[in-house]
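Colleague: Fold the following for me, if possible:
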Amino acid sequence: MLSLRSLALVLVPAAPLTTQQSISVYISADMEGVAAISATDDPLGRRLMTAEVNAAIAGAFDAGATRVVVNDAHGGHNNLIQTDLDPRVTFLRGDLKPYGMMQGLDSTFTAVLFVGYHGKARSRGGFLAHTGSGRTADLRVNGTSIGEGGMNALYAAWYGVPVVFISGDSLAVSQLEALVPDVGSAVVKTGIWNRAVRSLTPDSARAAIRRGVTAALGRAPSVQPVAAPPFRVELSYTDALYADIAEGIPSVDRVDATTVGFTVDEYPAAYRMIRVLYKHLTQ
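Modeller: Model prediction:
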């Protein structure tokens, strides 16, 4: 039996995804991990993000995808240039979504792709590293510290959908590999401290993403993260004031000066509360 206080890896025997009759792909797209971007207010940021998402879409259709859904998941969730997106996809846009970066995912999907991802909060050398918002110092689920990649991979695992590919900076990739060791990947940039990068050119990054997605969808996912319920979540803030506020939410308990926690039986409920705690509290 899995520990109630740890994440675990399990073998998932499966046929290669491309042998299935219908391949339905879900893409969660962030911006900080997009190649050549050294600030999220870069005037080319939206264009570069859209182009990398299109590369992932192309790779999915190269592998035989029959449906691709894209979730714009950075900042205000309104970044992708609608008129430039591959017309074969459906996309989600807008910030007030209860399940944020994973809105719309369910068990009907075959595979999940992460595009443009970054390292977790307080990652040394992680370009603009954070978890959900700048308020978060650390996020732990059943005792394991995770970032947005881990948080979202657990959401996918709840529905039995494997995360098969991630693109982004080197820390985003290595941190997800700790949970999903055989995940396909494309490292397109590396942080220099927290405000500068060493990056592939946009064209090279897009080519790597397209190839990587096609390859990832062409093999069977074997290892995915799971966590046994109940799910114990602890979120540490950068400022104790946020913990003071969060403690007033029913079911949220105070762990220490800057940390609050809660326990639930279903991961989607945990995910939704995490978003409230890091995103929707104000002072």
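Colleague: Can you give the contact residues for the helix ranked longest in the chain?
Modeller: Under DSSP state H, the helix in the chain containing the largest number of residues is helix 45-62. Here helix 45-62 makes contact (Cβ atoms under 8 Å, 6 or more residues apart in numbering) with 23, 25, 27, 29, 31, 34-37, 39, 42, 68, 70, 74, 79-81, 84-86, 88-89, 113, 115-116, 165, 167, 188, 202, 205-207, 209-214, 217. For the C-beta atoms, the positions are set from N, CA and C on the backbone; glycine is no exception.
Colleague: tell me which residues in it are buried?
Modeller: Judged by neighbour count (16 or more other Cβ atoms under 10 Å), helix 45-62 contains these buried residues: 45-46, 48-61.
Colleague: Buried among the contacts of helix 45-62? Make that a ChimeraX selection.
Modeller: The following ChimeraX line selects those of these that are buried, judged by 16+ other Cβ under 10 Å:
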select :23,25,27,29,31,34,35,36,37,68,70,74,79,80,85,86,89,113,115,116,165,167,188,202,205,206,209,210,212,213,214,217
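Colleague: Narrow the contacts of helix 45-62 to those in strands?
Modeller: The strands, defined by DSSP state E, take in V25, I27, A29, V68, V70, L113, V115, G116, F165, S167, V188 from the contacts of helix 45-62.
Colleague: Those into CSV, with extra columns for distance to V264?
Modeller: CSV is the format used below for the ones in strands among the contacts of helix 45-62 (distance: Cβ to Cβ, whole Å):
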residue, distance to V264
V25, 29
I27, 27
A29, 27
V68, 31
V70, 28
L113, 27
V115, 29
G116, 29
F165, 29
S167, 31
V188, 35
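Colleague: any idea which helix or strand carries R140?
Modeller: For R140, the host element (DSSP states H and E) is strand 136-141.
Colleague: Tell me the helix or strand right after that strand.
Modeller: By DSSP H and E, the next helix or strand past strand 136-141 is strand 144-145.
Colleague: returning to what we had before: name every strand pairing with the strand holding R140 and say which way it goes.
Modeller: Strand 136-141 pairs in its sheet with strand 144-145 (antiparallel), strand 231-237 (antiparallel), by DSSP bridges.
Colleague: about what we covered before: nearest to D239 among the buried residues of helix 45-62?
Modeller: G45 (27.9 Å; Cβ to Cβ).
Colleague: From G160, how far out is the closest one?
Modeller: Per Cβ to Cβ, to the nearest Å, G45 is found 34 Å from G160.
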